[in-house]
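Colleague: from the sequence below, what's the structure:
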Amino acid sequence: MNAFFEHLQTWLILAFVGLLTAFSDKIVGRVRFALNRADLRSKYYEELARDLSTFVFYADLFHVRHIRGELHFGDLPGIGGEVNQAFVTLKTKEYVYRSWIRRYWGQKQVEGFESLMQAATAVYEASIEFSEKGNEHRKTEALGRCLIVLKSSVDRWLSKTA
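Modeller: From the prediction side, this is the model:
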């Protein structure tokens, strides 16, 4: 009877090892997929955060120059160009961002991103107003209000998405 249990125990161990071997490829594949997903999520988050940060930085700098009346430095057109380029980057990649957000963070974060992009568009449109002369003080205040909304949207969205 002891011999029977020893053989049974040996066969059970062999069967268990065999099953582990048979399913190890699937287990390793799932672990590899999860690690890749985490790496991509981090990579995409950093790229989107960098693009948002660039836009906010240049729009804020543009606003500060107008608040201080530092229009005489001559670099204001260059800063305006940077605002434009940063916004073009956001808009040309918008649907790429949406696909990343949907895939790695979910629909709720997509909705927050839509709100954030509306705030970015408002800032961009407010900055465009400066292409025409006049009412500088009113335009500066309007840009400032839009920037407040954008900054809080970016902060809120990035803190919930990370």
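Colleague: okay, and residue 150 sits in which element?
Modeller: Using DSSP states H and E, residue 150 sits in helix 136-161.
Colleague: now the residue nearest to the spatial centre of the chain: closest residue in space that isn't a chain neighbour?
Modeller: By CA atoms, centre = their mean, the chain has its centre lying nearest to residue 48, at 3.4 Å. Once flanking residues are discounted, residue 48 sits nearest to residue 97: 5.5 Å by CB to CB, 6 or more residues apart in numbering. All C-beta spots, glycine's among them, are computed from the backbone N, C-alpha and C.
Colleague: let's see the helix or strand that contains residue 81 as CSV, backbone CA atoms only.
Modeller: Element membership of residue 81, judged by DSSP H and E, is helix 76-92. Output of helix 76-92 as CSV, limited to C-alpha atoms (Å, rounded to 0.1, in the frame of the first residue of the first chain):
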residue,chain,number,x,y,z
LEU,A,76,7.3,88.4,-28.4
PRO,A,77,6.6,87.3,-32.0
GLY,A,78,8.9,84.4,-31.3
ILE,A,79,7.1,83.5,-28.1
GLY,A,80,3.8,83.8,-30.0
GLY,A,81,5.2,81.4,-32.6
GLU,A,82,6.1,78.9,-29.8
VAL,A,83,2.6,79.1,-28.4
ASN,A,84,1.3,78.4,-31.9
GLN,A,85,3.7,75.5,-32.5
ALA,A,86,2.9,73.9,-29.1
PHE,A,87,-0.8,74.2,-29.8
VAL,A,88,-0.3,72.7,-33.3
THR,A,89,1.5,69.8,-31.6
LEU,A,90,-1.4,69.2,-29.2
LYS,A,91,-4.0,69.4,-31.9
THR,A,92,-2.2,67.2,-34.5
